[in-house]
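Engineer: what's the 3D shape of this:
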Amino acid sequence: APVPGAAPAPGAAPAGPGLSGLVGDVPGTPGGTEATPTGPAAARPVVPAAPEQEILQVAPGTLVGSLLRSGSMIWFVLVMAGLAAAAVVTKNFGPVAGALPAVLGWGGYLWSRFTGEFGFRAAASPDGIRLRHGLLETRTQTLPPGRVQAVVLKQGVLWRRRGWWRVEVNVAGYGEHTPGVGQAVETVLLPVGDRGEALSALWLVLPDLGVDDPQALLDAALEGTGEQAGFLTTPARARRLDPLVWRRNGLRITRTALFVRSGRFARQLDVVPHERTQSLALTQGPLERHFGLADLHAHSVSGPVTPVARHLDAHLASGLLMEQAERARTARSLAGPEEWLRQVDAAHAPDELSTAGGPGGPAAARPGIGPLG
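Structural biologist: Residues are numbered from 1 along each chain as shown. Predicted coordinates:
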């Protein structure tokens, strides 16, 4: 059934599904409406704003807590403690004064993170994912899901106890950094949030994970080790190269995307939809060649996501390279118009993943997208 959207303007003829997947969409006009040309106003059609529904919101206290528990803050405290201890022991406070520029730079970075990500909100609209954020100035952007090339979910060491995750994306046409800004906010889909919120952010970009049991896949991808849920891991002979993370490193290929997990203490999950794969490559260093291993790279556009499945069996990685190349080519040929909202509504991912004890927690904590209008 079609997803309800904004009603067309009086006198406008209804159209079929457009770029957003809403009945009434007119290509080239946001929100699926266009005004009927009448008189002098014919050259300036009036296009009402597309409706939206808020999905994610970051509280100021949560943002401050995440910055205090971030890796940058850890290094900042350690460096300052080391300089202070050295000054007390040597009775020379010159190193402390010399470190003042670095302290100011570090503080400026944390301040830019706070002001840039303050009041972060994400909403679903027919023309894409609308993001609003900013303390000193409010910035609003619409992120077309069709331009998202890859997604990464990150969890720092000190975030694990709170169950926090950060979600970033590679977007075609965006870089990793913006001129004049220390940390680009344009590629952040969720600065900090619990597991359910992080999965909601992933679901906005990839409504269908391509498996019959998405909960088992996400459990294994975010927190699992070994070959749970069909993950391909580093062979046991590579324990000398990866003594701590050889069972955590893993790769899982589903019908719709490539999932690459890494990190034992600071966890990370990279997700690349098949149709967004730019290219693939195998790399092998001298030690990897000795142990019969290889790294599989899924190239993407410039951004914070660099998917690499490390230390796979060399023969297995070679076969996966050919299979994934064919799979990506087929997915690109079958990819239709960007009817993302229709796909999101059809997937009903929040309802499927929000069972008690599952990845999303209670159903009340996992917002869904209903009719917009």
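
Engineer: partner strands of the helix or strand containing Ala123, parallel or antiparallel?
Structural biologist: Assigned by DSSP states H and E, Ala123 belongs to strand 121-125. Neighbouring strands of strand 121-125 in its sheet, by DSSP bridges, are strand 53-57 (antiparallel), strand 128-133 (antiparallel).

Engineer: most tightly surrounded among the ones you listed?
Structural biologist: strand 128-133 (a mean of 21; mean count of other CB atoms under 10 Å). Where you see a C-beta, it was placed from the backbone N, CA and C, and this is true even at glycine.

Engineer: Low-confidence ranges, the stretch 51-200 of the chain, go.
Structural biologist: Judged by pLDDT under 70, the stretch 51-200 of the chain has its weakly predicted residues at 175-185.

Engineer: in it, which spans are strands?
Structural biologist: Taking DSSP state E, counting those that start in this stretch, the strands of the stretch 51-200 of the chain run over residues 53-57, 121-125, 128-133, 139-143, 148-155, 165-171, 188-193.

Engineer: can you list those strands in TSV and add distance to Pro95?
Structural biologist: Below are those laid out as TSV (distance: least, CB to CB, whole Å):
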stretch	distance to Pro95
strand 53-57	43
strand 121-125	43
strand 128-133	37
strand 139-143	39
strand 148-155	33
strand 165-171	33
strand 188-193	34
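
Engineer: Compare the ones you listed and give me the one nearest Thr234.
Structural biologist: strand 148-155 (19.7 Å; CB to CB).

Engineer: wait, Leu189 sits on Trp203?
Structural biologist: No. Counting by CB atoms under 8 Å, Leu189 does not reach Trp203; the two are 10.9 Å apart.

Engineer: Make JSON lines out of the strands paired with strand 121-125 and add distance to Leu143.
Structural biologist: JSON lines is the format used below for the strands paired with strand 121-125 (distance: least, CB to CB, whole Å):
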{"stretch": "strand 53-57", "distance to Leu143": "12"}
{"stretch": "strand 128-133", "distance to Leu143": "4"}
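
Engineer: Work out for me the element Leu320 sits within.
Structural biologist: Leu320 belongs to helix 314-334, assigned by DSSP H and E.

Engineer: got a list of contacts for that helix?
Structural biologist: 232, 251, 253, 256, 258, 273-275, 277, 280-282, 284, 288-289, 292-296, 298, 309, 312 (CB atoms under 8 Å, 6 or more residues apart in numbering).

Engineer: one more time with 6 Å
Structural biologist: Helix 314-334 has contacts (CB atoms under 6 Å, 6 or more residues apart in numbering) with His274, Glu275, Thr277, Leu280, Leu282, Gly292, Leu293, Ala294, Leu296.
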